[in-house]
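K.L.:
Whatever this is, show me its structure:
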Amino acid sequence: MPTVRLEIVTAERQIFSEDVTTIIAEGIEGQMTILPKHAPLITMLAPGELVVRKEGEEMYMVISGGFIEVRPEKVIVLADACERSDEIDLERAAEAKRRAEERLKNLALTPEIDQSRAEAALRRSMARLRVAEKHRRVPGYRPGGINTI
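P.N.:
This is a model prediction of the structure:
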């Protein structure tokens, strides 16, 4: 089966670098599926799930935003942050969501709160919770990365 090289990089480190068969990402205009030999493109990524398929198995990650560059032989994800679904601390993500909601609720009372930053924090925390909860309920889910599909 044809493959494409996927590299996922954050400001801190390279997260992933392997040949894969399929990449499913949340672009700013909706979900996109990238296969080997895909037409070149560059677009922004929205906070959301990143699914990587390799040899009949899937890995689930959450991206908090960034960019994706697609070339026929290589895909580069420049992510603000990236975590595997099993690495997400549900309590911490729920607390971040609660804090963001509280900030948005108090905008009128606290003018120094930046509404766009609070909204972005809410989107990131909701994406982390959605991905973590979704895959922890899947029958046959194996923490640690690759899962048979």
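K.L.:
How about the contacts made by Ser125?
P.N.:
Ala93, Ala94, Ala96, Lys97, Ala100 (C-beta atoms under 8 Å, 6 or more residues apart in numbering). In this view, the C-beta of every residue, glycine as well, is placed from N, C-alpha and C.
K.L.:
tell me the mean pLDDT over the helix or strand that contains it?
P.N.:
Taking DSSP states H and E as the definition, one finds Ser125 inside helix 115-136. Here helix 115-136 scores 74 as its mean pLDDT.
K.L.:
how much distance is there from that helix to the middle of the chain?
P.N.:
10 Å (C-alpha atoms, centre = their mean, to the nearest Å).
K.L.:
How about stretch 6-16?
P.N.:
12 Å.
K.L.:
hmm, which of the contacts of Ser125 are the buried ones?
P.N.:
Ala93, Ala96, Lys97, Ala100 (16 or more other C-beta atoms under 10 Å).
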